[in-house]
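# Quick one: sequence plus predicted model below, questions after.
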Amino acid sequence: MRKLTVLILTVLVLFSAASLWAGGDKEAASKPVTAATGVYPAPPAGWTEADATESFTYQVSSALPILHPWDGGGNDTTGVVAYLIFDPLVRVDEEGNYVPSLATSWEFSADYSQIKLNLRDNVYFQSGNKFSADDVVYRFEDIRDNPNYPASSVRGWRQYLGEIEKVDDLTVIIHFAQPMPRFWMLATQARLMIADSKLWKEMGHDAFWQKPVGTGPYVVDKYDKANSIVKVALRTDEHGYWGYDDGKRWTNVKNITIQYSPEGQTRLAALRAGEVQMVDTIPTTDKAILEGEGFTVQTMNPNNVVFLQTASAPGDIFDNQKLREALSLSLDRELIVDALLSGFGKAANWPSRPGDYGYVDKQGYTFDPERAKQLVKESGYKGEAIDFIYTSSTVNIGGELTQAIQSMAADVGINLKIKPLEVAMYDDARANHDYDLALGAISDDGTMWWKLCAEVIGNDRFNTGFQNAELKALGKQAQTIIDPAKADAVFTEMYNIEMVDYAPNIYLYWPTIINAWDAGVTGMQYHKEQFPDLGGIVLQ
């Protein structure tokens, strides 16, 4: 039967090369950036923003339904735009260090109950309004209090944020309701960007976020929501962009267009024709070819994991530990990575990766179809159809991957019925517990895998119905641990429970994204994220 599975996967690869989700192993993806990323050529003598004349177009695989990163539709494309028009309080450089941005310095209290932020003076928004503590206070209060944001967007903040105190125009103290180990990881992401609160209040939320205003280098020129296109222009106001002076950056790019293009081969054709200067999420099969053609190709660290999720409440078909384990044992993860990701992915052997909290160097997930067949018999499962839902908006090789999983599961006697869904129907099915098995993907939160372990499992974020009181208690405990050694111990204990119960996630692999751009582009930065900061690029 293994030969049959290999044959099926081979056929799938031939038919799906254009839609492969790129991946890369951690070692290769974490190498120091090349000269094309994070290195700035010296600016011409006397350079000002008014000297920029070039245009740059970036085609992306994710639509742009909203410009506000907290409104639920925020994705990697939202992050790209955020880096252009906003600034965070603190940045992460290309080596992973926290460096000043709008905050010049910061200090935690000894008990981690608060943090004091000292803000940069002489920074102006694109509107001409001066940046101050009022804007920081308004940003955090909006995150904490706005009832219109989905819980999935603000969950990581709201249980921690207490009073946001303005000390003076350049000083803010954030009081925490409980210690917040993830503060820096979340505070440095593109999602937490500081907007012009005065204009925001005057215009109202909806109008402001059609053409938002920040302190960044570019101004929104046009936002075509229907076609997911945003055009930005380099600011040339009297204040200019403070960051060019502070960070020794510059650009010769006056106009940047970010446009949605869902088909990978269409994006590649546009790049080769010179119609665009950069594309994201290239098929792994094209990586070496593009490098041979002289394009710059960047493989990034994986920031999410692809997994199966079983509905495991009493009465569900997967309320049976033996059947869950049998499904896991039926899956040849290495074969999936080799065949569907061209060998670039990282197959899961544990619910976390080497270097993450809770990692144990042993083979937790194995491929053992004979043992799986025995467990299927012992489980009492009689071969009835099991609904298997997925959406390509979550895993864009979902069609090929679910067919491969279906074939492997069938080899051990598990009958999966694949049901592709639009993303809204998929989200509703998971929220309403209207599925047997779901293909999912979720991003990590730094090295702690909070969403997976503490929220997804310990607090049953996706309503699987799985209950384990010890696991839930540990998940709650993990959310406030500051000490790395203690956090590692708690996560190790949680993952060991997961592996005993196979509960209820079955991890598959960690993918990465591969981007490509014209070799004449320099000054690209990624700040350890999956999407680029285009604010200092130079076209040769």
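Yep, it's here. Residues are numbered from 1 along each chain as shown.
# Next, the contact list for the closest residue to Tyr502 other than its chain neighbours, please.
Leaving aside its chain neighbours, Tyr502 sits nearest to Arg324 (4.0 Å; criterion: CB to CB, 6 or more residues apart in numbering). (C-beta placed from N, C-alpha, C; glycine too.) Contact analysis of Arg324 by CB atoms under 8 Å, 6 or more residues apart in numbering lists 310, 312, 318, 501-504, 506.
# what about the residue lying closest to Ala347 once chain neighbours are set aside, neighbour count?
Leaving aside its chain neighbours, Ala347 sits nearest to Arg333 (3.9 Å; criterion: CB to CB, 6+ apart). Residues lying near Arg333 (other CB atoms under 10 Å) number 21.
# So that it lines up with my notes, have the first residue be 10 from now on.
All set: I'll call the first residue 10, so the last point we hit is now Arg342.
# I figured Arg342 hits Leu517, correct?
Yes - Arg342 is within contact range of Leu517, at 5.9 Å (criterion: CB atoms under 8 Å).
# hey, what's in contact with both of these two?
356-357.
# Helix or strand: which one has Asp143?
helix 142-154 (DSSP states H and E).
# Report the buried residues of that helix.
Of the residues in helix 142-154, those buried by neighbour count under the rule 16 or more other CB atoms under 10 Å are 142-149, 151-153.
# Show me the contacts of Arg333 that map onto strands.
319, 515 (DSSP state E).
# Next, format the contacts of Arg333 as JSON lines and append neighbour count.
Shown next, in JSON lines, are those (neighbours: other CB atoms under 10 Å):
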{"residue": "Thr319", "neighbour count": "26"}
{"residue": "Ser321", "neighbour count": "23"}
{"residue": "Phe327", "neighbour count": "26"}
{"residue": "Asp510", "neighbour count": "16"}
{"residue": "Tyr511", "neighbour count": "24"}
{"residue": "Ala512", "neighbour count": "20"}
{"residue": "Pro513", "neighbour count": "28"}
{"residue": "Ile515", "neighbour count": "24"}
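# quick one: contacts for the nearest residue to Asp295 once chain neighbours are set aside?
Leaving aside its chain neighbours, Asp295 sits nearest to Leu277 (6.1 Å; criterion: CB to CB, 6+ apart). Shown in contact with Leu277 (CB under 8 Å, 6+ apart): 288, 291-292, 295, 299, 525.
# Run a quick neighbour tally on the nearest residue to Asp437 once chain neighbours are set aside.
Distances taken as CB to CB, 6+ apart place Asp443 nearest to Asp437, at 7.3 Å, with adjacent residues excluded. Look at Asp443: counted by other CB under 10 Å, it has 13 neighbours.
# Which pLDDT value goes with Pro159?
Pro159 carries a pLDDT score of 79 in this model.
# Only the buried residues of the one helix or strand Val181 maps to, if you could.
Taking DSSP H and E as the criterion, Val181 maps to strand 180-185. Residues of strand 180-185 classed as buried: 181-183, 185 (neighbour count, 16+ other CB under 10 Å).
# so where do the strands sit in the stretch 10-159 of the chain?
63-69, 99-101, 107-109, 112-117, 123-128 (DSSP state E, counting those that start in this stretch).
# List the buried residues for the longest one?
This points to strand 63-69. Those would be 63, 65-69, for strand 63-69 by 16+ other CB under 10 Å.
# could these go into JSON lines alongside pLDDT and distance to Gln372?
Output for the buried residues of strand 63-69, formatted as JSON lines (pLDDT from 0 to 100; distance: CB to CB, whole Å):
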{"residue": "Glu63", "pLDDT": "97", "distance to Gln372": "51"}
{"residue": "Phe65", "pLDDT": "98", "distance to Gln372": "46"}
{"residue": "Thr66", "pLDDT": "98", "distance to Gln372": "46"}
{"residue": "Tyr67", "pLDDT": "98", "distance to Gln372": "41"}
{"residue": "Gln68", "pLDDT": "96", "distance to Gln372": "40"}
{"residue": "Val69", "pLDDT": "93", "distance to Gln372": "37"}
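# so Pro520 sits right up against Phe316, yeah?
No - checked against CB under 8 Å, the pair Pro520 and Phe316 is beyond contact range at 11.4 Å.
# Give me the common contacts of those two.
By CB under 8 Å, 6+ apart, the residues touching both Pro520 and Phe316 are Ala450.
# Would you mind giving both backbone torsions of Arg342?
phi -60, psi -40 (degrees, to the nearest 10).
# And the residue nearest to Leu128 when sequence neighbours are not counted, how close does it get to Gly529?
Nearest non-adjacent residue to Leu128, counting by CB to CB, 6+ apart: Leu179, 4.5 Å away. With distances taken as CB to CB, to the nearest Å, Leu179 is found 40 Å from Gly529.
# and if you look at Phe540?
Taken as CB to CB, the span from Phe540 to Gly529 is 21 Å.
# Could you check which of those two has the larger neighbour count?
Phe540 (25 against 13).
# mind listing the helices for the stretch 110-259 of the chain?
Assigned by DSSP state H, counting those that start in this stretch, the helices in the stretch 110-259 of the chain fall at 142-154, 160-167, 192-196, 206-212, 214-217, 251-256.
# Compute the inter-axis angle for the first one and strand 112-117.
Put plainly, it is helix 142-154. 50 degrees (axes from the mean of the first three to the mean of the last three CA atoms, to 10 degrees).
# about what we covered before: Three-state assignment for the residue nearest to Asp437, please.
coil (DSSP: H, G, I helix; E, B strand; the rest coil).
# Low-confidence regions, the protein specifically.
10-50, 81-83, 161, 310-312, 405, 452-471, 512 (pLDDT under 70).
# Of all the helix elements in it, which one is longest?
Secondary structure of the chain per DSSP state H: the longest helix is helix 493-510.
# Please point out which parts of that helix sit buried.
Under 16+ other CB under 10 Å, the buried positions of helix 493-510 are 496-497, 499-500, 502-504, 506-508, 510.
# higher neighbour count, Pro520 and Phe316?
When neighbours are counted by other CB under 10 Å, Pro520 and Phe316 differ, and Pro520 comes out ahead with 27 against 22.
# neighbours around Arg380, how many?
15.
# which residue sits closest to it, ignoring its sequence neighbours?
Leu338 is the one closest to Arg380 (CB to CB, 6+ apart), at 5.4 Å.
# which stretches of the stretch 360-509 of the chain form strands?
So, for the stretch 360-509 of the chain - with DSSP E, counting those that start in this stretch - the strands run 395-399, 425-429, 446-452.
# As JSON lines, those strands with distance to Asp205 would be great.
Below are the strands of the stretch 360-509 of the chain laid out as JSON lines (distance: least, CB to CB, whole Å):
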{"stretch": "strand 395-399", "distance to Asp205": "41"}
{"stretch": "strand 425-429", "distance to Asp205": "42"}
{"stretch": "strand 446-452", "distance to Asp205": "28"}
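# got the contact list for Val262?
61, 63-65, 243, 543, 546-548.
# in the sheet, who's paired with it?
Glu63 (DSSP bridges).
# Please apply the same query to the one 5 residues further on.
As for beta bridges, Ile267 partners with Tyr67, Val239 under DSSP bridges.
# my guess is it meets Tyr67, correct?
Yes - look at Ile267 against Tyr67 with CB under 8 Å: they come within range, at 5.1 Å.
# Overlap of the contact sets of the two?
Common neighbours of Ile267 and Tyr67 (CB under 8 Å, 6+ apart) are Val89.
# thinking again about what came up before, and the buried residues of helix 493-510 as a markdown table, adding distance to Trp193?
Shown next, in a markdown table, are those (distance: CB to CB, whole Å):
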| residue | distance to Trp193 |
| --- | --- |
| Ala496 | 14 |
| Asp497 | 18 |
| Val499 | 20 |
| Phe500 | 18 |
| Glu502 | 25 |
| Met503 | 22 |
| Tyr504 | 24 |
| Ile506 | 28 |
| Glu507 | 27 |
| Met508 | 30 |
| Asp510 | 33 |
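# Identify, from those, the entry nearest to Asn127.
Ala496 (28.2 Å; CB to CB).
# Show the contacting residues for the closest residue in space to the closest one that isn't next to it in sequence.
Nearest residue to Ala496 in three dimensions, chain neighbours excluded: Ile490, at 4.4 Å (CB to CB, 6+ apart). Residues in contact with Ile490 (CB under 8 Å, 6+ apart) are 188, 190, 496, 499.
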